[in-house]
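Participant: Sharing a sequence plus its predicted fold:
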Amino acid sequence: MLQGACPLGEGRLLNVVGGVTVGLAGVVRWVRRRSVVAGAVLVAVVAYAEVQRLPMPAIPQAEAFFADASRPTDPRAGAAAYADFIGRYLPDPSFESDPEIDVPPSLRWRKMWEPNGPGTVTWDTQMGRSGNASMRIENTYFGADRYTSAGIRGPLLPVITGPDVLKFSAWVRTENATGLTLLAINWLDANETRVKLTKGRVRLAGTRDWTELVIVDMPPEGAQYAQLEMRSIENIGIAWLDDVAVALLEGETAELHLVRGSEQEQAERYAEAIPEYEAALAASDDPHNQVEAVLGIGRCYLRQRKFDLAARTFDRLIAAVPDPDTLATATYWKADCYRYGPDFGRAIELYKEALKLDPAVAHWRRIARAHLVLASYRGRQYEDCVAAAREYMQEYGAYAQDHESLWEQGYGVLSFGVRAFERLGRSGEGEQWVKQLERTLGGEESILLLLLRGRGRVP
């Protein structure tokens with residue numbers, strides 16, 4: 001129903017046509033009551049008006065939006081000017097108008113990836129956060145033999161590279177979501193080739209009421225456009241998207257320090273990242289920013305192998321923040337501190353605690369289950385290892401075949417599970433388990449099982 005976005009090179013013409021189409025909806029009703037000649041004149045007026053207010057497709061012409069002397073000549077002149085600038089590309093951020101009629105084609109939100117693949121995208125007039133409608137995607141799970149995902153992708157948003165930090169936000173609701181639902185930002189160059197992909201840290205699962213998801217990032221070098229996406233991965237349930245916003249953050253904000261800290265952390269410059277996270281913590285009393293800052297500090301200490309200091313940092317969140325997602329995430333990271341410490345017994349306790357805190361927390365659930373298997377084996381708790389491996393493969397095994405990032409994780413779980421059976425003197429039971437998995441994971445040609453056989457870990 002909702003097809004792929006057109007290139008901006010064609011967008012100018014499509015915006016005119018789309019704008020005229022929107023105007024025609026009212027013109028047709030007017031003409032029926034009056035004269036055809038008068039209606040034709042009005043169509044011409046609508047077309048001319050649409051041409052006059054066309055959004056400029058390329059960054060070098062962005063100043064044309066502000067040719068009026070009463071407006072700044074650069075979107076970076078201020079957050080209000082930028083809001084006016086970007087608002088022309090998000091004419092209906094709350095999805096209250098019919099996207100197939102009332103929004104120009106190049107500015108519509110559309111299904112991403114395979115047009116005929118899994119997932120159905122619709123405009124839902126029965127569910128809205130601030131109004132009556134939203135965008136909806138459902139059933140992106142294609143079966144156990146494929147790793148599948150789909151999503152809803154917004155229009156190309158021009159950006160100006162430089163020191164500016166942009167805040168992308170949207171409200172998301174889920175119902176019986178079996179997979180992951182998250183925001184992402186596609187940064188594209190002038191040829192619409194990806195320069196960078198930024199994924200939101202928070203991933204929703206299960207049934208969740210309207211939750212604001214936020215990504216704060218700095219346009220990377222070479223980026224000309226940004227596209228906001230809501231991704232739905234292996235999701236039998238439903239996800240709704242509403243109230244999208246993009247804002248320019250001015251000055252030395254907490255968000256700017258968070259972006260800098262994240263960049264330093266990803267570059268493995270942990271000593272440089274920590275002061276940025278600390279500055280973010282000092283610059284804001286916003287709970288979301290504070291949580292992100294403390295998590296960042298703790299992760300950096302962990303990767304510096306300062307395990308005691310990292311664990312105490314995560315304890316700050318566990319003691320202060322009541323929401324289940326944050327508690328589960330902080331507890332997971334604290335468990336990692338003890339796994340690397342190593343204190344496998346304590347790590348096992350904390351992984352189990354994290355999974356109990358919020359069984360549907362999608363962000364760390366899969367990883368926490370995998371690490372529980374590893375910690376149980378390393379801690380010589382082989383019965384716990386077997387039980388945890390069985391639970392992991394029962395919950396995630398069907399998704400672990402055709403997606404590269406899951407192969408190694410699935411390999412670790414299955415491999416340590418087989419080893420635990422051997423340690424318990426129950427190799428035959430382990431072989432039966434593997435044969436059972438062959439039937440449920442796609443037979444003997446399962447990529448996961450072939451990988452294990454290639455490494456000599458499965459008979």
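Facilitator: Looks like it arrived, so ask away. Worth saying up front: this structure is predicted, and the values here are computed from it rather than measured. Residues are numbered from 1 along each chain as shown.
Participant: contacts and neighbour counts: CA atoms only from here.
Facilitator: OK.
Participant: Could you list the low-pLDDT ranges of the stretch 151-300 of the chain?
Facilitator: Applying pLDDT under 70 to the stretch 151-300 of the chain picks out residues 160-163.
Participant: can you give me the strands for it?
Facilitator: Along the stretch 151-300 of the chain, the stretches classed as strands by DSSP state E, counting those that start in this stretch are 157-158, 165-188, 194-199, 204-217, 225-233, 238-249.
Participant: so residue 341 touches residue 307, yeah?
Facilitator: Yes - the pair residue 341 / residue 307 is scored as a contact, 6.3 Å apart, by Cα atoms under 8 Å.
Participant: If you count surrounding residues, which of these two has more?
Facilitator: Set residue 341 next to residue 307 and count neighbours by other Cα atoms under 10 Å: residue 307 wins out with 22 against 16.
Participant: pLDDT value on that one, please?
Facilitator: On pLDDT, residue 307 comes in at 95.
Participant: so where does the nearest residue to it once chain neighbours are set aside fall, helix or strand?
Facilitator: In space, and not counting its chain neighbours, residue 307 is closest to residue 337: 5.2 Å by Cα to Cα, 6 or more residues apart in numbering. If you go by DSSP states H and E, residue 337 is part of helix 324-340.
Participant: Run through who's touching the helix or strand that that helix is followed by.
Facilitator: Per DSSP H and E, helix 324-340 leads on to helix 344-357 as the next helix or strand towards the C-terminus. Applying Cα atoms under 8 Å, 6 or more residues apart in numbering, the contact partners of helix 344-357 are 324-325, 327-329, 331-332, 334-339, 361, 365, 368-369, 371-372, 375-376, 378-379.
Participant: still on that earlier bit, in JSON lines, list the strands of the stretch 151-300 of the chain along with distance to residue 434 and mean neighbour count.
Facilitator: Formatted as JSON lines, the strands of the stretch 151-300 of the chain follow (distance: least, Cα to Cα, whole Å; neighbours: other Cα atoms under 10 Å):
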{"stretch": "strand 157-158", "distance to residue 434": "49", "mean neighbour count": "24"}
{"stretch": "strand 165-188", "distance to residue 434": "25", "mean neighbour count": "22"}
{"stretch": "strand 194-199", "distance to residue 434": "34", "mean neighbour count": "16"}
{"stretch": "strand 204-217", "distance to residue 434": "29", "mean neighbour count": "19"}
{"stretch": "strand 225-233", "distance to residue 434": "26", "mean neighbour count": "24"}
{"stretch": "strand 238-249", "distance to residue 434": "33", "mean neighbour count": "22"}
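Participant: Can you lay out the ones you listed as a markdown table showing distance to residue 420?
Facilitator: Formatted as a markdown table, those follow (distance: least, Cα to Cα, whole Å):
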| stretch | distance to residue 420 |
| --- | --- |
| strand 157-158 | 52 |
| strand 165-188 | 29 |
| strand 194-199 | 35 |
| strand 204-217 | 31 |
| strand 225-233 | 31 |
| strand 238-249 | 38 |
